[in-house]
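Asks: Please find the sequence and the predicted model below.
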Protein chains: 2
Amino acid sequence: MSEAPRRGTASDATPPKPPIRDSLVAAAFQLFLERGYEQTTVDDIVTLAGVGRRSFFRYFPSKEDVVFPDHERCLADMTEFLSSGSDDDDPVERVCDAARLVLRMYAENPTFSVQRYRLTRKVPGLRAYELSVVWRYERALAGYLRERFAGRRDGTLHADVIAAAVVAAHNNGLRSWLRSDGQGDAAAAVDHALDQVRDTFGAGVSGGARITPEEPEDVVVVISKRGTPMWRVVREIESSLRED
Amino acid sequence: MSEAPRRGTASDATPPKPPIRDSLVAAAFQLFLERGYEQTTVDDIVTLAGVGRRSFFRYFPSKEDVVFPDHERCLADMTEFLSSGSDDDDPVERVCDAARLVLRMYAENPTFSVQRYRLTRKVPGLRAYELSVVWRYERALAGYLRERFAGRRDGTLHADVIAAAVVAAHNNGLRSWLRSDGQGDAAAAVDHALDQVRDTFGAGVSGGARITPEEPEDVVVVISKRGTPMWRVVREIESSLRED
């Protein structure tokens, strides 16, 4: 999905000179780790990267933005991915797949992602910046779902709740991977989390999970009090089948 | 739940002088509405309120904080409410009730809440501040659920997803009320949204909604493909009952 160069993975004998933008990110993180984020100025970063101050602001509006250099691209990829789907796509599956684009961006470069995770936890300003990024992802997912659920009863409510659940599940999987210092399988952790959201809200469980808008179903869900006699359960299933 | 004075509702012939903190909030909002948020300084606010500059910073760490004067108290109320529960409480019901404390704070003073909503949408810095407040509410709810689900498989995942769903549902209801300029029944809108979350994740539907951790249940949920012969459904129910 991504065409960004993988930093730090080049193993050629004569590696090509990295683009200015990548040099700025590398220099910034080297200084953030050595001195701390607050103690590093944009001037320090451009000096280490060997470029002019104006180059920095050509790529990044502020010092905070250099900490999250790939989110704008990822947001654009997500928007593109969501808008390129068809009406046949299961909406919940689609937003889960969209969330996986974010995971892929993190997993592309584990070292960088883990360093940033540690930095973000220490600096309140970066934490606030990250929250605003997460919020934009969530609104992208919710916007897609609102369109898909347009005209349905409680469509915007369902869209907002499912988008929030997808983001929370994704972040739960992502953060356990980051906390493990990028060891283990990031995709598996996130898949596991998203699978449970899909099982809760996906088309196949709409009877049990009322938050999913009504859709043509190929399953029947019956909820009975424990201890209900079997004949009553059978009658309930039969009458539920007749209603369709 | 709240003991804060209701601003603007005093109708006595000789109203008591409002406390300094309330005067600062009132002065700040009058100026934000007249001049805009960015164009108003802390000096402007204290001059209008007739107090010294140090009084402002005694109550509010920054100009942003005066826009959200009651969230700290509400967060404290929420934490207190969650920690004062018992193990008999349904965890999902409990976090829904905790979220209603936030709604109550907004509904206490519709005019102020609607003004703030409009202001927050216009000023990116306030939007970021609000996101950090929402995040703190969500972490309070998730922290409570993580404790309640401790030791269960995927307990933190379920806690995070349910907390996010509760916050999203609450905010969906709250914002439709705010967008209607505080007309209509705020509590009814939020109750409707939270009811659907409870129906999705609450104890009664745990079979259908797998995200709910296993708990002793008084219901049996069976999901069958439409067209499955009845004898097979009955066998499935019987075998599911035997497993307990």
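Replies: That came through, no problem.

Asks: Quickly find the element holding the closest residue to A:R35 other than its chain neighbours.
Replies: With C-beta to C-beta, 6 or more residues apart in numbering or on different chains as the criterion, A:R35 has its nearest non-adjacent residue at 7.8 Å, and that residue is A:D44. Bear in mind the C-beta positions are built from the backbone N, C-alpha and C, glycine included. For A:D44, the host element (DSSP states H and E) is helix A:42-49.

Asks: In that helix, which residues are buried?
Replies: For helix A:42-49, the neighbour count (16 or more other C-beta atoms under 10 Å in any protein chain shown) marks A:42, A:44-46, A:48-49 as buried.

Asks: List the contacts of it.
Replies: Contact with helix A:42-49 is made by A:20, A:23-24, A:26-28, A:30-31, A:35, A:52-53, A:55-57, A:63, A:66, as judged by C-beta atoms under 8 Å, 6 or more residues apart in numbering or on different chains.

Asks: Against A:Y117, how distant is the closest residue to A:G182 other than its chain neighbours?
Replies: Nearest non-adjacent residue to A:G182, counting by C-beta to C-beta, 6+ apart: A:P110, 3.4 Å away. Separation of A:P110 from A:Y117 (C-beta to C-beta, to the nearest Å): 10 Å.

Asks: List the contacts of the residue most central in space within chain A.
Replies: Nearest residue to the geometric centre of chain A (C-alpha atoms, centre = their mean): A:A99, 3.8 Å. Going by C-beta under 8 Å, 6+ apart, A:A99 touches A:137, A:141, A:166-167, A:169-170, A:190, A:194.

Asks: looking at this, it is in a strand?
Replies: No: going by DSSP: H, G, I helix; E, B strand; the rest coil, the assignment for A:A99 is helix, not a strand.

Asks: picking up where we left off before, so what pLDDT did the residue nearest to A:G182 get?
Replies: Note on A:P110: pLDDT of 93.

Asks: Near it, how many other residues are there?
Replies: 16 (other C-beta atoms under 10 Å in any protein chain shown).

Asks: can you pull the buried residues of the host helix or strand of A:F112?
Replies: Assigning secondary structure by DSSP H and E places A:F112 in helix A:110-122. Residues of helix A:110-122 classed as buried: A:110, A:112-117, A:119-120 (neighbour count, 16+ other C-beta under 10 Å).

Asks: would you turn those residues into TSV with distance to A:E130?
Replies: As requested, the buried residues of helix A:110-122 are exported to TSV (distance: C-beta to C-beta, whole Å):
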residue	distance to A:E130
A:P110	18
A:F112	15
A:S113	12
A:V114	15
A:Q115	14
A:R116	9
A:Y117	10
A:L119	10
A:T120	5
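
Asks: Among those residues, which one sits closest to chain B?
Replies: A:T120 (12.8 Å; C-beta to the nearest C-beta).

Asks: from memory the closest one sits against A:L126, does it?
Replies: Yes: counting by C-beta atoms under 8 Å, a contact exists between A:T120 and A:L126, whose distance comes to 4.6 Å.

Asks: Which one of the buried residues of helix A:42-49 is nearest to chain B?
Replies: A:V42 (20.4 Å).

Asks: roughly how far apart are that closest one and A:K122?
Replies: Relative to A:K122, and taking C-beta to C-beta, A:V42 is found at 19 Å.

Asks: How is chain A divided into domains?
Replies: A:20-66, A:70-205 (automatic domain parsing).

Asks: Compare those domains and give me the one nearest B:L174.
Replies: Closest of the domains of chain A to B:L174 is domain A:70-205, at 11.3 Å (criterion: C-beta to C-beta).

Asks: gap between the closest one and the chain center?
Replies: How far domain A:70-205 lies from its chain's middle: 2 Å, per C-alpha atoms, centre = their mean, to the nearest Å.

Asks: Now do the strands in chain A.
Replies: A:219-225 (DSSP state E).

Asks: show me where pLDDT drops low in it?
Replies: For chain A, the stretches with pLDDT under 70 are A:1-15, A:203-244.

Asks: mind listing the helices in it by residue range?
Replies: Ranges of helices within chain A are A:20-35, A:42-49, A:53-59, A:63-67, A:71-83, A:91-107, A:110-122, A:124-148, A:155-179, A:186-201, A:230-243, based on DSSP state H.

Asks: Need the winner for burial among the ones you listed.
Replies: helix A:155-179 (a mean of 23; mean count of other C-beta atoms under 10 Å in any protein chain shown).

Asks: What is it packed up against?
Replies: Contact here means 3 or more C-beta pairs under 8 Å, 6 or more residues apart in numbering or on different chains; DSSP states H and E; on that basis helix A:155-179 packs against helix A:91-107, helix A:110-122, helix A:124-148, helix A:186-201, helix B:155-179, helix B:186-201.

Asks: One more pass at 6 Å, please.
Replies: helix A:91-107, helix A:124-148, helix A:186-201, helix B:155-179 (3 or more C-beta pairs under 6 Å, 6 or more residues apart in numbering or on different chains; DSSP states H and E).

Asks: quick one: the last one to helix B:186-201, angle?
Replies: Calculated by axes from the mean of the first three to the mean of the last three C-alpha atoms, to 10 degrees, helix B:155-179 forms an angle of 150 degrees with helix B:186-201.

Asks: now the first one
Replies: Interaxial angle, helix A:91-107 versus helix B:186-201 (the same axes, to 10 degrees): 80 degrees.

Asks: Next, the angle from helix A:91-107 to helix A:124-148.
Replies: 150 degrees.

Asks: Alpha carbons only: can I get helix A:91-107 in PDB?
Replies: Extracted in PDB, the C-alpha atoms of helix A:91-107 (Å, rounded to 0.1, in the frame of the first residue of the first chain):
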ATOM      1  CA  PRO A  91     -19.000  -1.800   5.400                       C
ATOM      2  CA  VAL A  92     -17.500  -3.100   8.700                       C
ATOM      3  CA  GLU A  93     -14.900  -5.200   6.800                       C
ATOM      4  CA  ARG A  94     -14.000  -2.200   4.700                       C
ATOM      5  CA  VAL A  95     -13.300   0.100   7.700                       C
ATOM      6  CA  CYS A  96     -11.300  -2.700   9.400                       C
ATOM      7  CA  ASP A  97      -9.200  -3.000   6.200                       C
ATOM      8  CA  ALA A  98      -8.800   0.800   6.200                       C
ATOM      9  CA  ALA A  99      -7.500   0.700   9.700                       C
ATOM     10  CA  ARG A 100      -4.900  -1.900   8.700                       C
ATOM     11  CA  LEU A 101      -3.300   0.700   6.500                       C
ATOM     12  CA  VAL A 102      -2.300   2.600   9.700                       C
ATOM     13  CA  LEU A 103      -0.900  -0.600  11.200                       C
ATOM     14  CA  ARG A 104       1.100  -1.200   8.000                       C
ATOM     15  CA  MET A 105       2.700   2.200   8.200                       C
ATOM     16  CA  TYR A 106       3.800   1.500  11.800                       C
ATOM     17  CA  ALA A 107       5.000  -2.000  11.000                       C
END
